[in-house]
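Asks: next comes the sequence, and after it the predicted model I'd like to discuss.
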Amino acid sequence: MPRDLPPTKATVLISGDGSNLQALIDAAPLMPHLKIVRVISNKAGANGLNRAKAASIPTAYHNLVSGKYYAAGEKDPAVKAAAREKYDADLAKIVLADSPDIVVCAGWMHILTSKFLDPLAEKNVPVINLHPALPKQYDGANAIERAYDDYHKGKLENDTTGIMMHYVISEVDRGEPIVIRKIQCKTPETLDELKTRMHSQEHELILEGTQLAISDLWEKRSKSE
Ligand code: GRF
């Protein structure tokens with residue numbers, strides 16, 4: 001990996017274990033330009049927050065219910081939609097307060113609307129995401145489970161699923177791919193075994209995709225100077 005990129009501040013968004021965050025933390029010798037300025041979780045119990053703290057990275061917890069955007073059990077779609085917009089606008093403020101160069105969604109299980117994406121775009125801060133499926137396949141949650149089921153029903157094209165890093169737009173998992181990796185399903189293999197195999201590939205791909213997006217953002221900045 002090239003070592004001559006300018007210092008690059010990244011905010012990492014997580015919701016869970018944070019093994020992909022850990023891959024980014026552990027990549028410090030390979031990506032000395034990358035500084036994770038904050039890890040933000042929408043789940044209080046996300047292990048990724050512990051991983052961040054162990055690496056002395058500042059953290060923030062931003063949650064719809066505990067943040068009183070709406071009450072637990074709220075059913076009114078209009079109330080929920082308005083609350084999510086406010087939540088996303090506030091998330092943008094929390095992120096931008098650190099003046100990051102890039103935002104990396106590493107297992108962030110929350111849809112990002114234009115109320116988050118627009119303020120980031122105004123500051124030319126790209127938002128990228130890791131997703132365990134190939135482009136235009138299995139958008140959204142439970143992508144690995146759905147590919148596994150289709151494989152066993154003989155409905156998975158070329159018996160192949162995959163993983164990708166892509167730019168984030170408001171259509172879930174539909175932004176421009178940065179890098180993809182195909183993964184062949186096989187028999188016998190349990191769902192947990194496939195998940196383990198895909199996660200270990202993700203830990204490589206997140207570095208590759210983040211590096212490519214960082215290179216691209218500095219190239220764009222140098223052209224606009
Ligand atoms: C990964 O499979 C990612 O692709 C998906 O959520 C998982 C997060 O894993 N969106 P971790 O929290 O990084 O361990």
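Replies: The structure has been received and is ready for your questions. Numbering: from 1, shown residues only.

Asks: wait, Val103 touches Lys123, no?
Replies: No. Judged on Cβ atoms under 8 Å, Val103 makes no contact with Lys123 at a distance of 10.5 Å. (Each C-beta comes from the backbone N, C-alpha and C, glycine too.)

Asks: of these two, which one has the most company?
Replies: In terms of neighbours (other Cβ atoms under 10 Å), Val103 is the more surrounded of Val103 and Lys123; the figures are 27 against 12.

Asks: per-residue pLDDT, the residue nearest to the more buried one when sequence neighbours are not counted?
Replies: Using Cβ to Cβ, 6 or more residues apart in numbering and skipping the chain neighbours, the partner closest in space to Val103 is Val127 (4.4 Å). Per-residue confidence (pLDDT) for Val127: 98.

Asks: report the contact partners of Val127.
Replies: By Cβ atoms under 8 Å, 6 or more residues apart in numbering, the residues touching Val127 are 102-103, 105, 112, 116-117, 120, 167-168.

Asks: and Ala78, what element?
Replies: According to DSSP states H and E, Ala78 maps onto helix 77-96.

Asks: ok, Val37 next?
Replies: Counting by DSSP H and E, Val37 is found in strand 34-41.

Asks: picking that back up, strand partners (parallel or antiparallel) of the helix or strand just after the helix holding Ala78?
Replies: Next along the chain after helix 77-96, taking DSSP H and E as the criterion, comes strand 102-105. Strand 102-105 sits in its sheet next to strand 8-14 (parallel), strand 127-131 (parallel), going by DSSP bridges.

Asks: just put the ones you listed in a markdown table and tack on distance to the ligand.
Replies: A markdown table is the format used below for those (distance: least, Cβ to the nearest ligand atom, whole Å):
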| stretch | distance to the ligand |
| --- | --- |
| strand 8-14 | 6 |
| strand 127-131 | 5 |
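
Asks: mind checking which of those strands is nearest Lys80?
Replies: strand 8-14 (20.3 Å; Cβ to Cβ).

Asks: show residues contacting the closest one.
Replies: So strand 8-14 is contacted by 20-21, 24, 33-42, 46, 48-49, 52, 95, 98-108, 110, 210, 214, 217-218 (Cβ under 8 Å, 6+ apart).

Asks: so which of these also contact the ligand?
Replies: When contact is defined as Cβ under 6 Å from any ligand atom, the contacts of strand 8-14 meet the ligand at 20, 48, 106-107.

Asks: from the residues you listed, which would you call buried?
Replies: The neighbour count (16 or more other Cβ atoms under 10 Å) marks 20, 48, 106-107 as buried among these.

Asks: in this protein, what residue comes closest to the ligand?
Replies: Going by Cβ to the nearest ligand atom, the ligand is nearest to Gly107 of the chain, at 2.6 Å.

Asks: grab the nearest non-local neighbour of that residue.
Replies: Leaving aside its chain neighbours, Gly107 sits nearest to Gly16 (5.0 Å; criterion: Cβ to Cβ, 6+ apart).

Asks: next one: Pro119
Replies: Counting by Cβ to Cβ, 6+ apart, the nearest residue to Pro119 once its immediate chain neighbours are dropped is Ala92, at 4.1 Å.
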